[in-house]
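Participant: dropping a prediction and its sequence here:
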Amino acid sequence: MQDAETESDGRDFILDLNFVPEWARQPPGEETQRFKDAEHRERPKIERKERRRHIARKKDASRSQRPRDVSERTKERHVKEAAPSVTIHFIPDQKQLAVIVRRIHASKRAYPVIEAASLFVSNPNVCMAKIENQHDSNNQMLLQCRSCGAVACSNDGFIEHVLCHVDEYFECREEEVAAPAGKFVCVARCGLSGILLGPPNHHSYAEKVQEVHSIRYKHISLEEYQSRIEILRDPELIEQWKKDAARQRRYYAKGAESDVPMNWIDVEAIMAKDIAPKLMRRVKRVVMPVSVIGKIPETGFRSLVEDAWQHELRYPASLSFALRVAFKHKRLHLFRAGSRGHYFVTAVRPMPLNSEYVIDSIREVLMYLREKPGCNRDELVSGLRPGETVTSEAGKKVLAPLGWLIERGHIIEFYNGTLSVPLARSRT
Ligand SMILES: [Zn+2]
């Protein structure tokens, strides 16, 4: 007998099933890794949070030690910030939930809630992360992007994030310009990326240093970045720089009346000053698509949410709780069964039937299922009428009352076609 589940009508009831699917009956040692991880749920919240922070710190450390990837300019853009104090839950996308609820209502079968939750986590596009700030103070608000739903926990972080929407506001064109004229004896090179920055006495030099620092290495100070610049007296490299400098990236505001070319520094300033405030929503609680977790700008905060999601992937405890609440709200019925007390959801409320008061053809089926729990239609027919099949006249006769019994909840049909009889129902 399992713990009671409070039904939507407020009554508690205990349902004893003499059959549950194989996996729900297995002792813990034989269960899959995913279900073994259920134990994690029992850990105190504090400990889990500490563990996440620890992992977040470890990830930060490994990131800073990793050699920098020079090919992608956005990859380096992360802001170092202490992770905020938040609670993270995962909830189903409402549209997808409605589809599942319709299916359960139509099928009349009982489904394991954890399987429904696994279905959701297998597709990040239909899962939402619900992040709630635990602090009330105004400077601890979460900042959500109105364009993609991603969240930041600091102003700087938000401005970093907004830069991933540059393409929506600016068009970038590679343009040919006059190659730098004059004689140069040396050229500066970025010691981190190998980018040629130009001769230090050329008028473009300071801007170029600022640009490369801003695009790729904002996580270190400008002074630190400058200390990594090397000066080289190599005629070939000087020629190479001249060639490179003849092609420049120019940015043009989309939808603007005049076609004024801008460099990256200008673009960044406009994004921070004009665009960021328009896209920013200051909230205490956010619901964001799981698919944009990677767009959280602060490394510590991002690791926290990523880690919670990884945890959910191993065992969808948070989603299955959310699903149970949602299912009840949608007038579905929940019951617990099996040695592990797994939750099942069904459109039909299980109703034990006293077989003493029913006609023989029904009593026969009920008694058989009590004796041989978990059989399917084929086994039921061949068990009661040896030699007959579900399509033979005798077989059809045996199965005739099944539809009615299932519809009334006197027999539970599981998602895999196996059948079971609810045995006892009592108030707690
Ligand atoms: Zn965004």
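Facilitator: On my side now, so go ahead.

Participant: and the closest residue to residue 389 other than its chain neighbours, which helix or strand is it part of?
Facilitator: Nearest non-adjacent residue to residue 389, counting by Cβ to Cβ, 6 or more residues apart in numbering: residue 395, 5.2 Å away. No exception for glycine: its C-beta is placed from N, CA and C like everyone else's. Per DSSP states H and E: residue 395 is located in helix 393-399.

Participant: now residue 119
Facilitator: Going by DSSP H and E, residue 119 is part of helix 113-121.

Participant: what residues does the helix or strand that that helix is followed by touch?
Facilitator: Sequence-wise, the next helix or strand downstream of helix 113-121 (DSSP H and E) is strand 127-133. Contacts with strand 127-133, where a contact means Cβ atoms under 8 Å, 6 or more residues apart in numbering, come from 84-93, 120-121, 140-142, 151, 284-290, 293, 305, 308-309, 319.

Participant: buried members of the residues you listed into PyMOL, please.
Facilitator: Applying 16 or more other Cβ atoms under 10 Å to these, the buried members can be selected in PyMOL as follows:
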select buried, resi 84+86+88+89+90+91+92+93+120+121+141+142+151+286+287+288+289+290+293+305+308+309+319
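
Participant: so which of the contacts of strand 127-133 sit within helices?
Facilitator: Of the contacts of strand 127-133, the ones assigned to helices by DSSP state H are 120, 121, 305, 308, 309, 319.

Participant: closest one of those residues to the ion?
Facilitator: Taking Cβ to the ion as the measure, residue 305 is the one of the ones in helices among the contacts of strand 127-133 closest to the ion, at 14.9 Å.

Participant: re earlier: counting contacts, what elements does the helix holding residue 119 pack onto?
Facilitator: helix 94-107, helix 317-329, strand 342-346 (3 or more Cβ pairs under 8 Å, 6 or more residues apart in numbering; DSSP states H and E).

Participant: neighbours around the residue lying closest to residue 262 once chain neighbours are set aside, how many?
Facilitator: Closest residue to residue 262 in three dimensions, ignoring its sequence neighbours and counting by Cβ to Cβ, 6+ apart: residue 251, at 4.5 Å. By other Cβ atoms under 10 Å, the residues close to residue 251 number 20.

Participant: A strand includes residue 251, no?
Facilitator: Yes - applying DSSP: H, G, I helix; E, B strand; the rest coil, one finds residue 251 inside a strand.

Participant: my guess is it contacts residue 171. True?
Facilitator: Yes - contact between residue 251 and residue 171 holds when scored by Cβ atoms under 8 Å: they sit 7.0 Å apart.

Participant: my read is that residue 345 contacts residue 108, right?
Facilitator: No - in this structure residue 345 lies outside contact range of residue 108 using Cβ under 8 Å: 11.9 Å.

Participant: can you list the low-confidence ranges for the stretch 301-428 of the chain?
Facilitator: 424-428 (pLDDT under 70).

Participant: in it, which residue sits closest to the ion?
Facilitator: residue 302 (13.7 Å).

Participant: could you pull out the strands for the stretch 101-250 of the chain?
Facilitator: 111-112, 127-133, 142-145, 151-152, 170-176, 187-190, 196-198, 229-232, 247-253 (DSSP state E, counting those that start in this stretch).

Participant: buried deepest among those strands, which one?
Facilitator: strand 151-152 (a mean of 28; mean count of other Cβ atoms under 10 Å).

Participant: can that strand be found next to the ion?
Facilitator: No - using Cβ under 5 Å from the ion, strand 151-152 stays clear of the ion, with a minimum separation of 9.1 Å.

Participant: for that strand, packing partners?
Facilitator: strand 142-145, helix 155-162.

Participant: quick one: strands adjacent to it?
Facilitator: With DSSP bridges as the test, strand 151-152 is paired with strand 142-145 (antiparallel).

Participant: same question for the strand it pairs with, mean pLDDT?
Facilitator: Averaging pLDDT along strand 142-145 yields 95.

Participant: from residue 324, how far out is the most centrally placed residue in the chain?
Facilitator: With distances taken as Cα atoms, centre = their mean, residue 290 lies nearest the centre of the chain, 3.3 Å away. Residue 290 is 20 Å from residue 324, where distance means Cβ to Cβ, to the nearest Å.

Participant: how about low-confidence regions in the stretch 51-200 of the chain?
Facilitator: For the stretch 51-200 of the chain, the ranges with pLDDT under 70 are 51-82, 136-139.

Participant: for the helices and strands packed on strand 151-152, which one sits closest to residue 341?
Facilitator: strand 142-145 (35.7 Å; Cβ to Cβ).

Participant: give me the contacts around that closest one.
Facilitator: 84, 86, 131, 133, 150-155, 157-158, 161-162, 165, 279-286, 288, 295.

Participant: let's go with 6 Å and repeat that
Facilitator: 133, 151, 152, 158, 279, 280, 281, 282, 283, 286 (Cβ atoms under 6 Å, 6 or more residues apart in numbering).

Participant: picking that back up, figure out which of the helices and strands packed on strand 151-152 is closest to residue 238.
Facilitator: Using Cβ to Cβ, the helices and strands packed on strand 151-152 put helix 155-162 closest to residue 238, at 34.3 Å.
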